[in-house]
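Engineer: need a 3D model of the sequence below.
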Amino acid sequence: HSIKLIWTALPVLNPLWYIYSHDPSTSSIDLQFFFGKSILVSPVTEENSTTVSAYFPDDIFYDFLTLAPFVNFNSIPLHIRGGAMLSLRETGAMTITAPPNTDFEFIVDPDTHDQASGSLYADDGVSIIPKQVQLSYTKEHLHELHNHALL
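Structural biologist: Below you'll find the predicted structure:
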């Protein structure tokens, strides 16, 4: 998804109304935002606060850190929108100096229809043409849709 933002010049951070334009309740929310199209950020905006007032559109969301409904208020509450598939690397492997064989971890958070999709942009830092892998998840099965070079 990140590479699409670069090519289209779309913003990385978006207000709720941008993702949920059909939901009139999102038009007045100015403290929550999406990072990309899948990660909902509900920041703590008051010092020493132990609660966060957050709005969740009629969709399914998962806690980013625990993948459970519990929210730890010692950190910024992040929620993954249902239907998302995120690719992550182990801590410390988020640099260009990480070995190319460092494994990716996929977080699959199904939507209300038990489906999810995502992509992985792979640039090994050596090859001229990077690769992109499109993935789909349905009913506990992961499918590779496309594995192609980006031209």
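
Engineer: domain parsing for the protein?
Structural biologist: Following automatic domain parsing, one finds the domains of the chain at 2-81, 84-149.

Engineer: of the ones you listed, which shows the lowest average pLDDT?
Structural biologist: Per-stretch mean pLDDT for the domains of the chain is lowest at domain 84-149 (a mean of 70).

Engineer: can you pull out the helices in the protein?
Structural biologist: 2-8, 16-19 (DSSP state H).

Engineer: can you give me the neighbour number for the residue nearest to L78 when sequence neighbours are not counted?
Structural biologist: Distances taken as Cβ to Cβ, 6 or more residues apart in numbering place F64 nearest to L78, at 3.6 Å, with adjacent residues excluded. For every residue, glycine as well, the C-beta is placed using N, CA and C. Residues near F64, counting by other Cβ atoms under 10 Å, number 21.

Engineer: wait, P77 sits on S53?
Structural biologist: No. With contact defined as Cβ atoms under 8 Å, P77 does not reach S53; the gap is 10.6 Å.

Engineer: in terms of neighbours, single out the busier of those two.
Structural biologist: Applying other Cβ under 10 Å to P77 and S53 shows that P77 carries more neighbours, namely 18 against 10.
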